[in-house]
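>>> build me a structure from this.
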Amino acid sequence: MFSVLVMAAAAAFSALFSTLLLSQPHFVASSSGTCSVVDNYKVITEILSFEMPAEQQHKCDPDCPVLRFLVYLDLDDPEEPQALTINEVRYTEIFTTSQNSIAFMPVQLGGKIIAKASCGKPFQGANLRVLLARDVDENPLIESFSCIVPKTAPTLLSEEATWSPMTSCDPGIQKGTVELTFRYKVVEVLTSQCCLS
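Down below sits the predicted model:
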């Protein structure tokens, strides 16, 4: 009976800690690592705006491909070069639209929150990797953004703490052509959230 209760508790905890919250206006992804009493933290990022020059917004009329925004919050290798291919296993799609409606993108895309927790590993910075891609078979990738949370970012005590200033992401393909901005904060995670007693 005791082992059944332990297994049930572990399953419930796992489900809670790895839940994807897709309710508007934000998206949150969390994951757990090893059990530890130190070095437990969560990185919280928020995409603020996306801008593309007007001359690029309607070139495909009348048949525009679907545009996809995919994200991956990298806590393991934040300094690894930005991806120039789409890894569907690693990345999660958070938004789609037609290229026709991209003029409305700052309103629709802004406010997306991507968060990830880590247990038992010192904070070494993070990289919110954002891919902008067309839903086509040939040359789908339009842009590959790298949004850096520096390793010097302070670890805060509460998720209610102040955000960082608005920060520009680094585009890897069309430098100076498209712009993505975000903000971030790093907060402590209680040991009880990483370890089953």
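>>> from now on I want contacts and neighbour counts done on CA atoms only, so please keep to that.
Fine.
>>> what's the first helix or strand after whatever helix or strand residue 42 lives in?
Assigned by DSSP states H and E, residue 42 belongs to strand 41-51. Note on strand 41-51: by DSSP H and E, the next helix or strand toward the C-terminus is strand 66-74.
>>> for this protein, name the helix or strand with the lowest mean pLDDT.
Least confident helix or strand, the chain: strand 20-21 with a mean of 31, by mean pLDDT, DSSP states H and E.
>>> what's the nearest residue to residue 151 if we skip its chain neighbours?
residue 125 (3.7 Å; C-alpha to C-alpha, 6 or more residues apart in numbering).
>>> pLDDT weak spots in the protein?
Scanning the chain for pLDDT under 70 picks out the ranges 1-38, 53-63, 88, 99-109, 136-139, 195-197.
>>> quick one: the helices in it?
Ranges of helices within the chain are 2-17, 105-109, 191-194, based on DSSP state H.
>>> give me the buried positions along the shortest one.
Put plainly, it is helix 191-194. Neighbour counts over helix 191-194 (16 or more other C-alpha atoms under 10 Å) mark 191, 193-194 as buried.
>>> dump the residues you listed to CSV, plus distance to residue 112.
Output for the buried residues of helix 191-194, formatted as CSV (distance: C-alpha to C-alpha, whole Å):
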residue, distance to residue 112
191, 27
193, 24
194, 25
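>>> residue 143 reaches residue 171, doesn't it?
Yes - under the contact definition of C-alpha atoms under 8 Å, residue 143 touches residue 171, with a separation of 6.5 Å.
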